[in-house]
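A.B. asks: coords please:
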Amino acid sequence: MAKKKQSIPPEDKEEKALEEKIKKMLDPREPDAPKIEVVEDALEDDGDMGLPTKIEIKEDGIKETAKATKTEEPRSAPEVNSKKIKITHHDEDEDIQVPEIKDEIEEKGLAEVDESSEPEDDVSQENAEDIEDIAALKEKDLVEDVSEDSPNDEDIEGVSSEEIEDIETSEEDSIPEKSDRSLDEAVDDIAKAESDKLLEEDDDKIAQASAEKKPSLKSRFASFFKSWWRNKPARYLTILALLLGIAAVAIIPNSRYFLLNTFGVRSAASIKIIDESTLQPLKNVTIEINGVEALTNKEGVAVLENIRLGRTNLKIQKRAFRVIEKDMTVGWGSNPLSDEQLTPVGTQYSFVVVDFVSEKPVQGVEVINGDASALSNEKGEIKLTLDMPEDVFEVQIFGDGYRVENLEINADELKTYDVQLAPEKKHVYMSRRNGTFDVYAAYADGKDEKLLLAGTGSERDDIALIPHPSRPIAALVSTRSGSRNSDGYQLSSLTVIDVENPDEPKTVIESERIQVIGWQNERLIFVQIKSGTSAVNPERHQLKTYNIEQNTTAEIANANYFNDVMLANGLLLYAPSSAYAKTPSGLFRINPDGSDKQVVHAEEVWSMFRSSYDNVTFTTGKDWFDFNIDSKYTDQLQGQPTEFKSRVYVSSPDGSNSLWVDQRDGKGTVLSYSLNESAEKTVVERGGLQLPVGWLNNTTIVFRVKTESEIADYVVNIDGGEPKKLADVTNAAGLDRWYYY
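C.D. replies: Residues are numbered from 1 along each chain as shown. Modelled structure (predicted):
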């Protein structure tokens, strides 16, 4: 049976009385205190502010209802473990649902809390009756919905705790009064005003903090990255997009090239152009790829850099040749393109080039007219293609190690021009054709002979002339100065002659005696005797070098005299005598610049013989040893060597071959030792052939022949052909083995 509820008048006095009555009822010290039984009941949260609680008290047949509210901190919804409290007063039951005052009730001993009861999800029958009664009252406009009267966060913000407590204790569940609405409106106004004020203060503080310190770009980026990384969907989507982009770049060429070009990636390409008529490389051909141009070199190769990637056009053009245009794709990397052949459309002029000495074809010789050029093939054939040449024009013919040839061509004469090429280096020799010891220079074919240094008439016949193996320079040792020492002995002078500028010879030193050991790059190595020095002086002989580039001399070693000195494989070997020596004697090895001095043998060495290109045989007077120049390995021999000849090796300009002269079957024999093959071959045999020998280029050599009928210098090619006489000469010494004096 549903219990009827008595409406409470809205006056403030009555509200206060009801509040006091409830407190009194709950006070266990009162004699008429009701019996309270707590039963667990689940109540729904009414929002952020707490839970409404319904207290029903029946006394003298009248049931009174009040609303109690537990207020929580703003914006924090508490977890509720509510209990249903039954209050028995005057043998009648009253229900109170108070979720948050359970502990207080237990402390005061007002009721026994049943913890074993489970929260009820459904509304009890008694509560349902109450709800029906309230709904009926609502229809009569006597009460309002409890949830509408419950304060929310906005209602209590800015209101003091005392005000909130007064409001909570004065609120009732069943029948809202006019005073309740007035109080709610007042609270709302106060809360709104306080909230607006607090918000304004917060905004001012935030604006002031922002104005004082703005976050740096680095901190903003770090904050963005952290936010992005913590956001899994955004992170995964970004990674997926990157992977898809990479896949698109890798799979789709246009996308790949567009992206790479956007990021500034550039590529390169190389190509070789060949003359279709001769199958020889073409020089100065213009290659254009995607706006980038380059010219081919002597080998017909052009390299283009900084090219945009992707589909583009290749254009090849050269005057007097048909233009080539084709589509191509520039990929990432070096892009080596296939060789292209150009078809000549102009007028062609033919040449055949051969070596003057051997009369064999020379490959790789270039004929040039302006920007037009062509190369010789293995047969020495050249076809030069010109576009509308002049009636008479000149061409220049260049070959590695050969003299430049200039030819005048008649445009109407379409014949084959035969050209003989002579070595570019002139041969330097001595001649007395005018009665004095004069120094001359001429090409191998005898052309352009010039007097370099005229004799003075003071020269003795012990003259030495040693040309540089690769440079147009020669060293002359003679008494041409006419100087004498205090005893009236003629002094020798060391003079360096520049073949291309002979008017300024350089006198390096004057001494009683000078012997040239050889050339090593820019250094001339020699031994001199100090002029006027006593024969017992421990420094009477000096081993020195002269630097032709720096015009300086340097002493390598000194001794009373040297038992032997040799230049072998670019290294100096010397054996000072023990006579009047201040330092230990022996065999030493050193670089021509004076560095890396090493002791080969600690005993005094009396003489040395170069037995091969890599080995030297030396003796200490009683024992013989073999010494490997490069490895520094020394091995004692069992007895004397079979022969006591010392070879004088003269290396080619490129160092690939070295010459030496031997006497075989009554004839002089020039042999060439190949460093690459470690093998020797005979170049020429001739009666009267002797030292000196030398090089004009890497294949052409000069040798001397002295017989009763002539003293002359001849030229020959190491690859074959007959020797040709260059000039009659006076027999001046050259590089020879060391002699003691």
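
A.B. asks: State the mean pLDDT of the host helix or strand of Ala712.
C.D. replies: Take DSSP states H and E as the rule and Ala712 turns out to sit in strand 711-717. In this model, strand 711-717 has an average pLDDT of 96.

A.B. asks: now do stretch 202-215
C.D. replies: Stretch 202-215 shows a mean pLDDT of 63 in the predicted model.

A.B. asks: go on, stretch 557-574?
C.D. replies: Here the average pLDDT along stretch 557-574 is 93.

A.B. asks: on that earlier part again, the helix or strand following the strand holding Ala712 to strand 711-717, inter-axis angle?
C.D. replies: Once the chain leaves strand 711-717, the next helix or strand it forms, by DSSP H and E, is strand 724-728. Counting by axes from the mean of the first three to the mean of the last three CA atoms, to 10 degrees, strand 724-728 lies at 150 degrees to strand 711-717.

A.B. asks: Partner strands of the strand holding Ala712 and their direction?
C.D. replies: Using DSSP bridges, strand 711-717 pairs in its sheet with strand 700-706 (antiparallel), strand 724-728 (antiparallel).

A.B. asks: mind putting these in CSV, distance to Ala294 and mean neighbour count included?
C.D. replies: Every residue, glycine included, has its C-beta placed from N, CA and C. Shown next, in CSV, are the strands paired with strand 711-717 (distance: least, CB to CB, whole Å; neighbours: other CB atoms under 10 Å):
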stretch, distance to Ala294, mean neighbour count
strand 700-706, 36, 23
strand 724-728, 44, 16
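
A.B. asks: For Gly446, which of those is the nearest?
C.D. replies: strand 724-728 (6.4 Å; CB to CB).

A.B. asks: can you give me how far the closest one is from the chain middle?
C.D. replies: Relative to the centre of its chain, strand 724-728 is centred 56 Å away, using CA atoms, centre = their mean, to the nearest Å.

A.B. asks: And the contacts of it?
C.D. replies: Under the criterion CB atoms under 8 Å, 6 or more residues apart in numbering, residues 356-357, 427, 429, 431, 433, 440, 442, 444-446, 449, 702, 710-716 lie in contact with strand 724-728.

A.B. asks: are any of these buried, and which?
C.D. replies: 356-357, 427, 429, 431, 440, 442, 444-445, 702, 711-716 (16 or more other CB atoms under 10 Å).

A.B. asks: buried residues in the helix or strand hosting Lys272?
C.D. replies: In this assignment (DSSP H and E), Lys272 forms part of strand 267-275. Neighbour-count burial for strand 267-275 flags Ser267, Ala268, Ala269, Ile271, Lys272, Ile273, Ile274, Asp275 (criterion: 16+ other CB under 10 Å).

A.B. asks: you'd agree the first one is up against Val303?
C.D. replies: It refers to Ser267. No: at 11.7 Å, Ser267 does not count as touching Val303 under the criterion of CB atoms under 8 Å.

A.B. asks: name the element Leu524 belongs to?
C.D. replies: strand 523-529.

A.B. asks: Strand 523-529 and the next helix or strand after that strand, what's the angle between them?
C.D. replies: As assigned by DSSP H and E, the chain's next helix or strand after strand 523-529 is strand 541-547. Here strand 541-547 runs at an angle of 150 degrees relative to strand 523-529 (the same axes, to 10 degrees).

A.B. asks: what sits up against the very next helix or strand once past strand 541-547?
C.D. replies: Remark: after strand 541-547, the chain's next helix or strand is strand 552-559, criterion DSSP H and E. Strand 552-559 is contacted from outside by 508-509, 525, 538-547, 572, 574, 576-577, 581, 585, 588, 590, 592-594, using CB under 8 Å, 6+ apart.

A.B. asks: which of those count as buried?
C.D. replies: The neighbour-count test (16+ other CB under 10 Å) marks 508-509, 525, 538, 540-546, 572, 574, 576-577, 585, 588, 590, 592 as buried among the contacts of strand 552-559.

A.B. asks: what residue ranges in the stretch 201-350 of the chain score low on pLDDT?
C.D. replies: 205-215, 245, 248-256, 258-259 (pLDDT under 70).
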